[in-house]
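In: Below: sequence and its predicted model.
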Amino acid sequence: MSQIATFVYIVGILGLFVLDRKGTARISKACWLPIVWLLINGSRPVSLWLQIEPRNLADQSLEGNPLDRNIYLGLIIAGAIVLWGRQTTVVRLLRANPSILLFLVFCALSVSWSDYPDVAFKRWIKFLGDLVMVLIVISDPQRLSAIKRVLSTVAFILIPTSVLLIKYYPEMARYYSRWEGTMFVSGVAVDKNMLGMTCLVFGLGAWWQLLGAWREKGRERRRRLIAHGAILTMVLWLFWMANSATSGSCFVMAGGLMAITSVVRAARKPAVLHFLVAAVLCASVSVLFLDIGGGALHALGRNSTLTGRTEIWKGLLDFSGNPLFGTGFESFWVGERLRKIWATGGLLYGINESHNGYLEVFLNEGWIGLTLLAAIIVGGYREIVRAVRRDPQTHCLNLAYFVAVLVYNLTEAAFKAVSPMWFVFVWAVIDGSAESTRGNKEYLVRHRPSSETSLYDVRTADLLPS
């Protein structure tokens, strides 16, 4: 039965590609690099798929796996070669995002005071790899088509495969809690929270493409509606199966914000847009931390301790290092400190993340890291809002990703290397600034008297992503 199901799902996945085949223009072959990057980071490391090593091993955080390391390094080197051929556009994008560069540089410096600098450096290289892959997509000559193709390709593979594994290969996609013995589903991911993250990222992408297909005309419209509607249906089923409250609630809020800004013209006015974003963030903080609307937490199957997260946060602060500089880039959960955390027992036993992205940054990079992250958030939000006003149908996705990441990190840690949430966060910020810069350049060229418009002006505008 499982073999027949596998064949049917493979045919179905190929059918999704056929239905969406004319939804985007031809893109560069370099886009396969971020596609492979997201396929790995949205599911499991290759070593886990090949069952080269067990899932949970304390020393694994130090040693890593040579196969995974070589695969990541190969992708990063190939990506760097691609970006070298797009130097002008890449430099312009980086200049428009100094806060991201400052955060990246500080993270590199923090490697020097890590207890395990070699481990921290390897993780920083992966962190750099996320930026490389984002730049490949944003700098593509067919930027919008590249974004659509990357999101749809990864979604068409990971989402149906998760359904297949849960239904027909339970030994690969289901596991039991060590505390209550409750069964959870993981799909292609390593656990239910990771599955929820994958569904959130690519579910929002499917919702965005569904909204875009609804506005289209012609024969391709129906095919694209079927393809992305099918993905969205599977995403909703996976949310229900995984019972991932954080990802599910983020999807509802961010998806609703996307639909409103895409359809309602009045929602694109700065005052209204700021109000909508503030309402989402304030509602999330109030429900999670201020005990306002406690019924909402219970409706999501959570309690006032956020399933023990508040106790975990208090316990982890006892192990924090220098409050200003932190313990070093992604160095908190390694070595002797990790063993001491596990030795305390209780809810701290066996964990490898703080379940709060902002706390995670504080533990690793201290207050300086948090300040630099805040600079990315403030600057990125400003540019994304400007981009939404210029092109709401395209950049409503960036706004949705941006808000979803901010809310998601309240109860999960995703500001870190090879996390799909960090990937789309950087994606949203850089793409928003690219739209803003391109819009300003096009405005100058359009509104300058024709006698003063030079070939240099036109070429400069063309150097920016289109």
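Out: Perfect, thanks for sending it.

In: alpha carbons only for contacts and neighbour counts from here, please
Out: Will do.

In: pLDDT weak spots in this protein?
Out: Scanning the chain for pLDDT under 70 picks out 22-25, 52-64, 178-181, 290-308, 435-466.

In: ok now the longest helix seen in it, how far from the chain's centre?
Out: Counting residues, the longest helix in the chain under DSSP state H turns out to be helix 357-390. Distance, stretch centre to chain centre, for helix 357-390: 14 Å (C-alpha atoms, centre = their mean, to the nearest Å).

In: ditto for stretch 195-206
Out: In terms of C-alpha atoms, centre = their mean, the gap separating the centre of stretch 195-206 from the centre of its chain is 9 Å.

In: hang on, the earlier thing: quick one: contacts of the following helix or strand past the longest helix of the chain?
Out: Later in the chain than helix 357-390, the nearest helix or strand by DSSP states H and E is helix 392-408. With C-alpha atoms under 8 Å, 6 or more residues apart in numbering as the contact definition, helix 392-408 has outside contacts at 144, 201, 204-205, 208, 212, 246-247, 250-251, 253-255, 257-259, 261-262, 268, 277, 281, 284, 381, 384-385, 387-388, 414, 421-422, 424-425, 427-429, 431-432.

In: and the nearest residue to N65 once chain neighbours are set aside, helix, strand or coil?
Out: Spatial nearest neighbour of N65, chain neighbours left out: S47 (7.2 Å); criterion: C-alpha to C-alpha, 6 or more residues apart in numbering. Secondary structure, DSSP: H, G, I helix; E, B strand; the rest coil: S47 is helix.

In: ditto for D115
Out: coil.

In: For it, grab phi and psi.
Out: In terms of degrees, to the nearest 10, the main-chain angles of D115 are phi -70, psi -20.

In: what about it, neighbour count?
Out: D115 is flanked by 17 other residues according to other C-alpha atoms under 10 Å.

In: Skipping adjacent residues, who's closest to it in space?
Out: With C-alpha to C-alpha, 6+ apart as the criterion, D115 has its nearest non-adjacent residue at 7.2 Å, and that residue is S331.

In: Okay, M234 and V403: tell me how far apart.
Out: Per C-alpha to C-alpha, to the nearest Å, M234 is found 23 Å from V403.

In: higher neighbour count, the two?
Out: V403 (22 against 18).

In: which ones are touching N97?
Out: Applying C-alpha under 8 Å, 6+ apart, the residues near N97 are I430, S433.

In: what's the answer for L225, then?
Out: When contacts are counted by C-alpha under 8 Å, 6+ apart, L225 is found next to L210, A213, W214.

In: Export the helix or strand where the last one lies to PDB, keeping only CA atoms.
Out: Secondary structure here is read from DSSP H and E; on that basis W214 sits in helix 192-215. Once non-C-alpha atoms are left out, helix 192-215 reads as follows in PDB (Å, rounded to 0.1, in the frame of the first residue of the first chain):
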ATOM      1  CA  LYS A 192       6.400  19.100  15.200                       C
ATOM      2  CA  ASN A 193       7.600  22.700  15.800                       C
ATOM      3  CA  MET A 194       9.900  22.500  12.800                       C
ATOM      4  CA  LEU A 195       7.000  21.100  10.700                       C
ATOM      5  CA  GLY A 196       4.900  24.000  11.800                       C
ATOM      6  CA  MET A 197       7.600  26.500  10.800                       C
ATOM      7  CA  THR A 198       7.900  24.900   7.400                       C
ATOM      8  CA  CYS A 199       4.100  25.000   6.900                       C
ATOM      9  CA  LEU A 200       4.100  28.600   8.000                       C
ATOM     10  CA  VAL A 201       6.800  29.800   5.600                       C
ATOM     11  CA  PHE A 202       5.500  28.000   2.600                       C
ATOM     12  CA  GLY A 203       1.900  28.200   3.500                       C
ATOM     13  CA  LEU A 204       2.200  32.000   3.400                       C
ATOM     14  CA  GLY A 205       3.900  31.700   0.100                       C
ATOM     15  CA  ALA A 206       1.100  29.500  -1.300                       C
ATOM     16  CA  TRP A 207      -1.500  32.000   0.000                       C
ATOM     17  CA  TRP A 208       0.300  34.900  -1.700                       C
ATOM     18  CA  GLN A 209       0.500  33.000  -5.000                       C
ATOM     19  CA  LEU A 210      -3.200  32.000  -4.600                       C
ATOM     20  CA  LEU A 211      -4.200  35.700  -4.200                       C
ATOM     21  CA  GLY A 212      -2.000  36.600  -7.200                       C
ATOM     22  CA  ALA A 213      -3.600  33.900  -9.300                       C
ATOM     23  CA  TRP A 214      -7.100  35.100  -8.400                       C
ATOM     24  CA  ARG A 215      -6.300  38.500 -10.000                       C
END
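
In: which parts of that helix are buried?
Out: 192-213 (16 or more other C-alpha atoms under 10 Å).

In: can you give me the helices in the stretch 51-200 of the chain?
Out: Applying DSSP state H, counting those that start in this stretch to the stretch 51-200 of the chain gives helices spanning 60-63, 66-84, 87-95, 98-110, 117-138, 143-168, 170-173, 192-215.
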